[in-house]
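Q: Could you look at this predicted model? Sequence included:
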Amino acid sequence: MDHEGLADALGAQLMGVRRVLRRRLRAGLFADSDGPALTGSQVELLRLVESTPGIGVGAAAQQLHLAGNSVSTLVNQLTEAGLLRRERDPADRRSARLVLTPAAAARLDAWRAARVSLLAGALGELGDGERDALAAAVPALSRLAGILAGDPQPSFLGSASECGEGDRDDGGG
């Protein structure tokens, strides 16, 4: 298979897995939820704050490749939802640092556990060779994601901090 054929097939399969995973997680986890569904951009910001507690809005915008005003809007939304807190930077009282609330940490943990459970169950139905092929592909997929994001050594894929809640395509991530 040439590069274009592989790109087409890989893209279609990744989108299909992501879509089914997202729908199954939403149906199972948020049937009786205490909170609204989050957009992809909101979850990406929560993930970033989880991995970098105390990050500022400007640095978050840079990391997420979003405009500063877009991240400010996300911060306002997540603060109003009780998922994010702004704390004053002791070194620069004009700056705010972002911190997850316990509710956000619990929500991310719940999604992570549900995602792992769902995927582990599906992986259990595959043959040994298929599971081995998927395991062997994880480093290459991580590197591919990094190249696409402009970071050839990504730290966001294949880690425990990666979460699947807000994977709906809202144009922001």
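A: Looks like it came in fine. Numbers count the residues shown, from 1 in each chain.
Q: packing partners for the longest strand along the chain?
A: Counting residues, the longest strand found in the chain (DSSP state E) is strand 92-100. When contacts are defined as 3 or more Cβ pairs under 8 Å, 6 or more residues apart in numbering; DSSP states H and E, strand 92-100 packs onto helix 40-51, helix 57-64, strand 84-89. From N, CA and C alone the C-beta is placed, and that goes for glycine too.
Q: List the contacts of the shortest one.
A: Contacts with strand 84-89, where a contact means Cβ atoms under 8 Å, 6 or more residues apart in numbering, come from 45-46, 49, 54, 56, 75, 78-79, 95-101, 104.
Q: With stretch 57-67 instead?
A: With contact meaning Cβ under 8 Å, 6+ apart, stretch 57-67 is reached by 41, 44-45, 48-49, 52, 55, 68, 70-72, 74-75, 96, 98, 149-150, 172-173.
Q: change it to 10 Å
A: With contact meaning Cβ atoms under 10 Å, 6 or more residues apart in numbering, stretch 57-67 is reached by 41, 44-45, 47-49, 51-52, 55-56, 68-75, 86, 95-98, 149-151, 156, 172-173.
Q: okay, the angle between the helix or strand hosting residue 7 and helix 40-51?
A: Residue 7 belongs to helix 3-29 when assigned by DSSP states H and E. In terms of direction (axes from the mean of the first three to the mean of the last three Cα atoms, to 10 degrees), helix 3-29 departs from helix 40-51 by 80 degrees.
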